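Participant: how does the following fold in three dimensions:
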Amino acid sequence: MKNNIIKRSLLPLMLMATALLSACGFQLRGSYLLPQELQTLYLSSTDVHGELTRLVRQNLQVNNIEVLKQQSSEAPELRILNDSLDRRTLSLFENGQVAEYELTYTVRYEIRMQGKEKQDFKFEIYRNYQDNPDAALAKSRELTLLRKEMRIEAADRILRNMASITL
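Facilitator: Numbers count the residues shown, from 1 in each chain. Alright, predicted model coming up:
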């Protein structure tokens, strides 16, 4: 009898805790195990104040990677060469206006280490975006959020790639 009462009171508590955690956007994330050679590095970019550079720096610091303020000949360098967002038309409305785009976010970066050949990397992230001229303001906001999401994914992907490279 007591076990039934405990089970009945425990289930709603577990459901409520799960709902609260999912509502606040909580996600389990593993830390990136970067090679020992990359535990201290210099981050450089062609767009020093760009959003992607800021996100990569933030991810490095969260993962306890020391990011040097000045370049050192001994420290490896993570250099973000460029990031670009392109779009291509996927479909049209009957009146000829664009109904759907495919967004392509391309990122190129390299890792330079003293005494070793630089390693170049490039990847692309794709998203579909449906346009609606009747809801231009809402669609503009959606596009902004998609761009932000793609940059966050790109910053995470750079660290994942760094964790898997062989030096």
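Participant: only the buried residues of stretch 120-135, if you could.
Facilitator: Burial within stretch 120-135, assessed by neighbour count using 16 or more other C-beta atoms under 10 Å, is assigned to F121, I125, R127, Y129, D131. Heads up, the C-betas are built off the backbone N, CA and C, glycines and all.
Participant: thinking the first one is in contact with E110, fair?
Facilitator: Yes. Shown here, F121 and E110 form a contact pair, counting by C-beta atoms under 8 Å, at 6.7 Å.
Participant: picking up where we left off before, just the ones of the buried residues of stretch 120-135 in strands?
Facilitator: Cross-referencing those with the strands (criterion: DSSP state E) gives F121, I125, R127, Y129 as the overlap.
Participant: closest to A155 out of these?
Facilitator: Comparing those against A155 with C-beta to C-beta places I125 closest, at 10.9 Å.
Participant: spatially nearest residue to the closest one, not counting backbone neighbours?
Facilitator: Taking C-beta to C-beta, 6 or more residues apart in numbering, and ignoring the residues beside it in sequence, I125 has Y105 as its nearest neighbour in space, at 4.5 Å.
Participant: let me see the ranges of the strands in the protein.
Facilitator: Counting by DSSP E, one finds strands in the chain at the ranges 40-45, 66-68, 77-92, 98-112, 119-130.
Participant: lowest-confidence one in the buried residues of stretch 120-135?
Facilitator: In terms of pLDDT, the lowest of those is D131, showing 79.
Participant: now that one: closest residue in space that isn't a chain neighbour?
Facilitator: Distances taken as C-beta to C-beta, 6+ apart put V98 closest to D131, at 5.4 Å, once the chain neighbours are dropped.
Participant: and that neighbour, what's its pLDDT?
Facilitator: According to the prediction, V98 has pLDDT 81.
Participant: dig out what it forms beta bridges with.
Facilitator: With DSSP bridges applied, the residues forming beta bridges to V98 are L92.
Participant: how about it, what does it touch?
Facilitator: The neighbourhood of V98, defined by C-beta atoms under 8 Å, 6 or more residues apart in numbering, consists of T89, S91, L92, D131.
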